[in-house]
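Enquirer: From the sequence below, what's the structure:
(chains A and B)
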Protein chains: 2
Amino acid sequence: MKRNTVLSCTAAVLFAVTAAAQGAGKPTPAQRAVGYRQGVMTAVGWNFGPMAGMVKGEIPFDAKAFALRAERVAFLSTLPLEGFIPDSRVGKTDAKQEIWDNMDDFKSKMETFQTEAAKLAEAAKTASAVDALKPQFGKVGQACKDCHEKYKAD
Amino acid sequence: MKRNTVLSCTAAVLFAVTAAAQGAGKPTPAQRAVGYRQGVMTAVGWNFGPMAGMVKGEIPFDAKAFALRAERVAFLSTLPLEGFIPDSRVGKTDAKQEIWDNMDDFKSKMETFQTEAAKLAEAAKTASAVDALKPQFGKVGQACKDCHEKYKAD
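Expert: Sure, this is the predicted structure:
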């Protein structure tokens, strides 16, 4: 009885670990797509963060650094859409089913993000003060929010 | 006694799940850096793949698609270096300690990757046949390999 308990306990732990580590082998196309779009969005966040810090006054404004981050976000914004392939709501993903049910609207929101991010990158090339960038930065943030609210699970 | 066994079993499963899901909460700066560089490299691989397929003749050559992938890889190649911050060999990472022990050499290898990827993107703008791109594509692949062999665990 004790041995059985140990065995079932071990099995339960193994199952939990295996379930959590799913995808460690060769990923399926859907798993690759999830990894790709999440990877891009992680890179977006990494570059968005310092701009947000400057806008909020948490870190000193550095025009060159802001322009570089803005250029990166603008470029990266063009990448994730192709990762939302059919039937790729698999594994650990915050992507809601609504994306695929409303793909035209989702694409439109992604394009808004691209457009606003491109405008920010353009403005950042010549801005010498953060105040001049705040309105356009706000529009990029709003584009993120509009899409996340509808299509990203918390 | 039975209750205690159930409790300790549950605790063991919870521990395993928690351990496996580490980082699901607010990540540390080092964890963020790992996620960032891995995200970028995932995006590099996603875009490198179709070019490799065309070079190998596995998929038909599409000059426009090749040029787009090459431009993306060239841009993305400039991103990951800043993710290799001090003390960020944490969690699930293939980054070897040798990176931090030989940072100048690592940077040099990253710069070679950037240079060769930029040359490929430039060449791809005007190439009308895949054969013309094979030598430069090979140099990009070699740059990946040279760095991975020394600094990436299998």
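
Enquirer: from the chain's centre, how far out does stretch A:78-90 sit?
Expert: Centre-to-centre, stretch A:78-90 and its host chain are 12 Å apart (Cα atoms, centre = their mean, to the nearest Å).

Enquirer: how about it, does it reach chain B?
Expert: Yes. Using Cβ under 8 Å from any Cβ of the partner chain, stretch A:78-90 comes into contact with chain B via A:79, A:83. C-betas here are computed from N, CA, C, even on glycine.

Enquirer: got the buried residues for that stretch?
Expert: A:78-81, A:83-84, A:88-90 (16 or more other Cβ atoms under 10 Å in any protein chain shown).

Enquirer: which of those residues lies closest to chain B?
Expert: A:Leu79 (6.4 Å; Cβ to the nearest Cβ).

Enquirer: Pull the contacting residues for the closest one.
Expert: A:Leu79 makes contact with A:40, B:43, B:72, according to Cβ atoms under 8 Å, 6 or more residues apart in numbering or on different chains.

Enquirer: Count the neighbours of the last one for me.
Expert: Okay, so that is B:Arg72. With neighbours defined by other Cβ atoms under 10 Å in any protein chain shown, the count for B:Arg72 comes to 22.

Enquirer: The first one too?
Expert: For A:Val40, the neighbour count with other Cβ under 10 Å is 24.

Enquirer: Now render the contacts of A:Leu79 as TSV, adding secondary structure, pLDDT and distance to B:Asp154.
Expert: What follows is the contacts of A:Leu79, written out as TSV (DSSP: H, G, I helix; E, B strand; the rest coil; pLDDT from 0 to 100; distance: Cβ to Cβ, whole Å):
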residue	secondary structure	pLDDT	distance to B:Asp154
A:Val40	helix	98	25
B:Ala43	helix	98	21
B:Arg72	helix	98	26
